[in-house]
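Student: Next comes the sequence, and after it the predicted model I'd like to discuss.
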Amino acid sequence: MSTFTRLCLPSTIALVIRIPPVVQHLRTPSPERPSHALEGRQPAGLRLPEPGGQRRLGGRSLGALVEGAQPLLERPSLGQRWVRGQGGVEASALLRPEPTARVAAIRGNDLYAMTREALEAVGGAKAVVNPGETVFIKPNMVTLPWAHLGRNPFVIGECTKPEIVIAVAEECLRAGAAEVIVGDGSQMPRFSWEQATTLDGSTSLAAEAQRLSSAYKGNVRLVCLDADSPEWAEVPSRTGLGKIAISSLVARADRVISVPVLKTHQWAQLTLSLKNFVGVTPLARYGANLEGAIPRIILHTTSEGIEQVFLDIAHALRPDLAVIDASICVEANGPSVGNEGGVTVDMKDRLGSWLLLASTDLVAADATAARVINHDVSGVRQLRMAYEQGLGEVREDLIEMIGERLDDLRVDWVPAEPAEPAGLGGWGYLPPGDRLQLAWHPMTHRSGAPRVSPGVQSDSMAESH
């Protein structure tokens, strides 16, 4: 019977190992692969419970999605890898181990063309989307609600560029998607998609949604998740909350694509494709209705940290694709510019061009983005946790780069300073003038900090407006 031996070996040593024929290293999407909208989304290496008795929304199971799930194997620590022992077919692993993930890196000045090239590099939209499916695209629109005040969140790097979202949506329609939903919860129940304008000001997401819906059989819908979600589905959480509510629009989607903008973050070090999923949770349930609290404060201050919250959501959704916007970004004390020292960075000034990263492994995409901006992956808590929980690959020698060499992409970057318990002033989430105050932070583990009850229940949609 096969056994696992943990080996710590340099990648330059040639090994002779025995590999069972069932071992599959690379996730290779097929146009015919089945949909995995919630009830079919099984995290790699996890066992799911039987679906009997689960509540259903739109014909899809939304009950205890991964409750009781246990990893089949303990993950090797960073710098280690598993080598399977006796049994199987003998093979030679020469010089480098086989990659377990691929990340496309595309440089250029045209975000439309770069996005299409990035998608093509990872197999094209048809490798992810089957005809007739519903696709949910999650951009980061954290400060879009304030765009009408003359503060453009795209040119200062706070929000995902509409050009990228438009191109991803169109490629999904070309692949045969019946509906493409573009949605975010942002920081207000409602905001205007008309304000989501391209960098040249020539069009908006609202105008492009209409154009694409007319040009293709499929439909593009723009939603403000807090106001437009028909229901909130609950997914299991390893935090003290026990479960986390997410929009049924993302829960019911056949495919989920995360399209974040690259930023440093005072609460989470980095906000990338995984952290992006905090925006699918309801505002009212998690603290928007608490006087003096930042939006979703309950999620940000669980004893396990905000990292576990968005990793639990990713565990449940098993997103299909990430496209990371590294064009105009934020360094230092993000995620927004101004409040606590977030600084706009045009990647052209550091790299000589804009950059997009794409992968079907969101953890690998985020780890690569972290390395691009000179962050030590082993020191980024969310990436370490994601790897240890089996969500994806972070080890550099097991991530194959497509299009560009990682060493040619590395740039200097000012990291975020950990948030302090005094003078938080909105923690970089809100524009100047809309700063909300908070005088404590449980991440400091100081005695006397308020405790969040794990029994917090959802407010009705009517109450959240």
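Tutor: Looks like it came in fine. Numbering: from 1, shown residues only.
Student: Which residue is the nearest non-sequential neighbour of L205?
Tutor: A196 (4.0 Å; CB to CB, 6 or more residues apart in numbering). Glycine gets a C-beta too; all of them are placed from N, C-alpha and C.
Student: Over to V278. Which of the three states is it?
Tutor: Of the three states, V278 takes helix under DSSP: H, G, I helix; E, B strand; the rest coil.
Student: residues touching it, list them.
Tutor: Applying CB atoms under 8 Å, 6 or more residues apart in numbering to V278 gives the contacts 296, 299, 306, 309-310, 313.
Student: cool, and R174?
Tutor: Contacts for R174 (CB under 8 Å, 6+ apart) come out as 125, 216.
Student: State the distance from it to V129.
Tutor: 9 Å (CB to CB, to the nearest Å).
Student: give me phi/psi at the closest residue to K243 other than its chain neighbours?
Tutor: Nearest residue to K243, sequence neighbours excluded (CB to CB, 6+ apart): E234, at 4.4 Å. Reported as degrees, to the nearest 10, the phi and psi values for E234 are phi -110, psi 130.
Student: what's the spacing between E234 and D361?
Tutor: With CB to CB as the criterion, E234 and D361 are 26 Å apart.
Student: Compare the two and say which is more crowded by neighbours.
Tutor: Legend: neighbour count by other CB atoms under 10 Å for E234 and D361, higher for D361 (25 against 20).
Student: looking only at pLDDT, what's the mean for stretch 325-332?
Tutor: Averaging the model's pLDDT scores along stretch 325-332 yields 98.
Student: Buried residues of that stretch, list them for me.
Tutor: Going by neighbour count (16 or more other CB atoms under 10 Å), the buried part of stretch 325-332 is 325-332.
Student: Then stretch 138-157?
Tutor: For stretch 138-157, a neighbour-count test (16+ other CB under 10 Å) marks 138-147, 151-154, 156-157 as buried.
Student: then that stretch to CSV, C-alphas only?
Tutor: Presented in CSV, the C-alpha positions along stretch 138-157 are these (Å, rounded to 0.1, in the frame of the first residue of the first chain):
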residue,chain,number,x,y,z
LYS,A,138,-16.5,39.9,-9.0
PRO,A,139,-14.6,43.1,-9.5
ASN,A,140,-13.3,45.3,-6.6
MET,A,141,-15.5,48.4,-6.5
VAL,A,142,-14.9,49.3,-2.9
THR,A,143,-15.0,53.1,-3.4
LEU,A,144,-17.3,53.4,-6.5
PRO,A,145,-20.1,54.8,-4.3
TRP,A,146,-18.2,58.1,-4.0
ALA,A,147,-17.3,58.5,-7.7
HIS,A,148,-20.2,60.9,-8.2
LEU,A,149,-18.4,63.3,-5.9
GLY,A,150,-15.7,63.8,-8.5
ARG,A,151,-13.3,61.3,-6.9
ASN,A,152,-12.4,58.8,-9.7
PRO,A,153,-11.5,55.5,-8.0
PHE,A,154,-10.1,54.0,-11.1
VAL,A,155,-7.4,56.6,-11.9
ILE,A,156,-6.2,56.4,-8.3
GLY,A,157,-6.0,52.6,-8.3
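Student: Could I get the phi/psi values of the closest residue to R221 other than its chain neighbours?
Tutor: Excluding the flanking residues, the one nearest R221 by CB to CB, 6+ apart is I181, at 5.0 Å. Main-chain torsions, I181, degrees, to the nearest 10: phi -100, psi 120.
Student: same question, E331
Tutor: phi -120, psi 180.
Student: Tell me the secondary structure at G334.
Tutor: coil.
Student: now the stretch 51-200 of the chain, which segments are flagged as low pLDDT?
Tutor: Residue ranges of the stretch 51-200 of the chain with pLDDT under 70: 51-96.
Student: Strands along that one, start to end?
Tutor: 56-57, 60-61, 81-84, 89-93, 101-108, 134-139, 179-184 (DSSP state E, counting those that start in this stretch).
Student: repeat for the stretch 251-400 of the chain
Tutor: 255-259, 261-265, 269-271, 321-332, 342-346, 354-359, 399-402.
Student: quick revisit: surely the residue nearest to L205 touches N140?
Tutor: No - assessed by CB atoms under 8 Å, A196 is found out of contact with N140, at 11.4 Å.
Student: what touches both of these two?
Tutor: Common neighbours of A196 and N140 (CB under 8 Å, 6+ apart) are C159.
Student: Which pLDDT does the model give S30?
Tutor: As summarised for this prediction, S30 has a pLDDT of 40.
Student: neighbours around S204, how many?
Tutor: The number of residues packed near S204 is 19, by other CB under 10 Å.
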